[in-house]
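*Asks:* Only the shape, not the letters, is given here:
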């Protein structure tokens, strides 16, 4: 049976001398894996469309096992991302998140749009680190590990939180700070941004510039939370962290 899907390539693995197994995140069916026969040959019609981050229309033959890619037409190559080491590292990280935190053939509401818009914003010049922090927050629902962001996770107070507790899974107020001595202190800016990123409609995302201190605070909290609750290890993370440490450019909060 032939099936046409709109998809983004999130992973590629060489298979034998000439073939590739590519993982597509599709608009219609969620994550699927397909065999791209001959895709490693330079003159193959499948060579161009089986590259990471390609957004295209794909025709797949679906049998009883792994599907076979019959045809692909590129809608957007995101060439700027694939030619820039830093952008490619961030894109690979979010693509690996999608791969590791989703189940095969299960469609997650809005996830295709989140992935596409994140790549499109990066390619258009938005800060890739900010886009990645937003994507991480959006993926918490997909992973089934959403934290308590509306009130103190310990007492239910709605006063402005002062810290984020990995142990209790959410913000804590000043009165409950003694309950977790390892909680991450949070500035009011970080509290606002964590809530904003979790709720944000990516279609409305404008230009957000953040100070390095704020970026680091967000990164520490989000990463520690994923480490505690997600149960996945992302190979792309180490290289991405190295690149982030090399970035010395000053930024300002908005």
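*Replies:* Good, I have the coordinates. As the structure is a prediction and not an experimental result, all values here were calculated from the model. Residues are numbered from 1 along each chain as shown.
*Asks:* what's the closest residue to residue 111 other than its chain neighbours in contact with, if anything?
*Replies:* Beyond its immediate neighbours in the sequence, the residue positioned closest to residue 111 (CB to CB, 6 or more residues apart in numbering) is residue 142, lying 6.2 Å away. (C-beta placed from N, C-alpha, C; glycine too.) Residue 142 is in contact with 101, 102, 108, 111, counting by CB atoms under 8 Å, 6 or more residues apart in numbering.
*Asks:* And the residues you listed, which is closest to residue 24?
*Replies:* residue 102 (11.7 Å; CB to CB).
*Asks:* thought the closest one was touching residue 29?
*Replies:* No - applying CB atoms under 8 Å as the test, residue 102 and residue 29 come out as separate, 11.3 Å apart.
*Asks:* Which of the two has more residues huddled nearby?
*Replies:* More crowded of residue 102 and residue 29, by other CB atoms under 10 Å: residue 102, with 20 against 17.
*Asks:* Please name the residues that touch the more buried one.
*Replies:* Residue 102 neighbours (CB under 8 Å, 6+ apart): 25, 30, 31, 108, 111, 142.
*Asks:* Where strands are concerned, which of those residues count?
*Replies:* Judged by DSSP state E, the subset of these located in strands is 25, 30, 31.
*Asks:* Of those residues - the most surrounded one?
*Replies:* residue 25 (25 neighbours).
*Asks:* so that residue makes contact with residue 112?
*Replies:* Yes - shown here, residue 25 and residue 112 form a contact pair, counting by CB under 8 Å, at 6.3 Å.
*Asks:* and the residue found closest to residue 159 once you drop the neighbours it is linked to in the chain, how many residues sit next to it?
*Replies:* The shortest distance from residue 159 to any non-neighbouring residue, by CB to CB, 6+ apart, is to residue 173 (5.3 Å). Neighbour count for residue 173, taken as other CB under 10 Å: 19.
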